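Peer 1: This is the structure alone, sequence omitted:
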């Protein structure tokens, strides 16, 4: 079943869009099965679970931290994480920079923008993230690389609303890239779209989709 779902999703995703296989709560054996099918990029949302899987699985896996990250846990993933998707505060970004320096690394990060109607989702407002990019806060950071933006649409059956939210995030991404990163090719990633809405996200300009249940099946949250 995994092979069938994997091939279906891969065929639906253009070559310029990266599939992040969201493996949170799924066992290492299932991740290894996806690895054997050719998947190399996986997303986790809890630091402890991510750290355990890093030890148990092949070393060439590209691990992405996609969940809400607490500042006091950055140190555990700084030595190996390939991309942090959900930077939702300046404090967190400064902590990542500090821990990346200790690990002698530069860690790519995405700034999370709150585009959904649910208040439970994290992220900057469009105005806040623009102020950070146009202000001087980022100029002293040497061990983080701002690679783009990330956002999650409202959990709803209203596809028009989802499309509007993704379209607004793409417009913000284009505006920031034009104003703040005109000569920086590394600011290129727009992480939006999950199992229920990744097709819409791709149509609206996503470069990374985070797909979990559509690939691995329903999660067991009791573990």
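Peer 2: Yes, it's here. No experiment lies behind these values; they were computed from the predicted model shown.

Peer 1: now the helices for the chain?
Peer 2: Ranges of helices in the chain, per DSSP state H, are 2-12, 28-36, 47-56, 74-77, 90-102, 126-134, 159-180, 198-203, 213-216.

Peer 1: Adding mean pLDDT, mean neighbour count and distance to residue 115, write those out as CSV.
Peer 2: (Glycine included, C-beta is placed from N, CA and C.) What follows is the helices of the chain, written out as CSV (pLDDT from 0 to 100; neighbours: other CB atoms under 10 Å; distance: least, CB to CB, whole Å):
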stretch, mean pLDDT, mean neighbour count, distance to residue 115
helix 2-12, 96, 13, 23
helix 28-36, 97, 15, 29
helix 47-56, 96, 16, 25
helix 74-77, 98, 19, 24
helix 90-102, 97, 18, 19
helix 126-134, 92, 16, 8
helix 159-180, 96, 17, 4
helix 198-203, 98, 20, 11
helix 213-216, 95, 19, 21
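
Peer 1: Out of these, flag the one nearest residue 144.
Peer 2: Across the helices of the chain, residue 144 has its closest neighbour in helix 90-102 (4.7 Å, CB to CB).

Peer 1: before we move on, back to that, determine which of the helices of the chain approaches residue 151 most closely.
Peer 2: With respect to residue 151, and counting by CB to CB, the nearest of the helices of the chain is helix 159-180 at 4.6 Å.

Peer 1: between the closest one and helix 126-134, how many degrees?
Peer 2: Between helix 159-180 and helix 126-134, the angle comes out at 20 degrees (axes from the mean of the first three to the mean of the last three CA atoms, to 10 degrees).

Peer 1: which residues are contacting helix 159-180?
Peer 2: With contacts defined as CB atoms under 8 Å, 6 or more residues apart in numbering, helix 159-180 is touched by 113, 115-117, 126, 129-130, 133-134, 148-149, 151, 153-154, 156, 187-188, 190, 192-193, 197, 200-201, 203-206.

Peer 1: Of the residues you listed, grab the buried ones for ChimeraX.
Peer 2: Here is the ChimeraX selection string for the buried members of the contacts of helix 159-180, based on 16 or more other CB atoms under 10 Å:
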select :113,115,116,126,129,130,133,148,149,151,153,187,190,192,193,197,200,201,204,205,206
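
Peer 1: Please narrow the contacts of helix 159-180 to those residing in strands.
Peer 2: Those of those mapping onto strands are 148-149, 151, 190, 192, per DSSP state E.

Peer 1: of those residues, closest to residue 63?
Peer 2: residue 148 (17.7 Å).

Peer 1: any idea how far the closest one lies from residue 58?
Peer 2: Using CB to CB, to the nearest Å, residue 148 is found at 26 Å from residue 58.

Peer 1: do the same with residue 157
Peer 2: Distance of residue 157 to residue 58, given as CB to CB: 38 Å.

Peer 1: Could you do residue 43 as well?
Peer 2: Distance, residue 43 to residue 58, by CB to CB: 16 Å.

Peer 1: quick one: which of those two has more around it?
Peer 2: More crowded of residue 43 and residue 58, by other CB atoms under 10 Å: residue 43, with 24 against 11.
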